[in-house]
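*Asks:* kindly generate the corresponding structure for this input.
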Amino acid sequence: MTEPSFVFADEPTGNLDEQTADEIADLMFSCCKVNQTGLIVVTHNQALSNRADYCYTMSKGKIYLKDNTLISMAGVAV
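*Replies:* Model (predicted):
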């Protein structure tokens, strides 16, 4: 498979210094944009999550939109 619909990245910048993390993030986002590929990232890095078009957080087993709106309240199945 050379043209995936999505790229999944689990803590892609977790152990990197800030400069290298920014470079890796730039590369991931630009490659996915050029190839029209979705990018799903799991991260604790707030700066990285701020770059996303959509951001969800998980707390105590519940998933929230970035503005802390509980997703189940919006009628979205989780």
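*Asks:* list the buried residues of the helix or strand of the chain with the lowest mean pLDDT.
*Replies:* The weakest-scoring helix or strand in the chain, judged by mean pLDDT, DSSP states H and E, is strand 62-65 (a mean of 80). Going by neighbour count (16 or more other Cβ atoms under 10 Å), the buried part of strand 62-65 is Y64. To be clear about C-beta, it is placed using only N, CA and C from the backbone, and glycine gets the same treatment.
*Asks:* keeping just the C-alphas, turn it into CSV.
*Replies:* Below are the C-alpha coordinates for strand 62-65, written out as CSV (Å, rounded to 0.1, in the frame of the first residue of the first chain):
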residue,chain,number,x,y,z
LYS,A,62,-14.9,10.3,27.9
ILE,A,63,-14.0,11.9,24.6
TYR,A,64,-14.4,15.7,24.3
LEU,A,65,-14.1,18.2,21.5
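*Asks:* can you tell me the helix or strand for the residue most central in space within the chain?
*Replies:* What sits nearest the mean C-alpha location of the chain, by Cα atoms, centre = their mean, is V41, with 3.1 Å. Using DSSP states H and E, V41 sits in strand 38-42.
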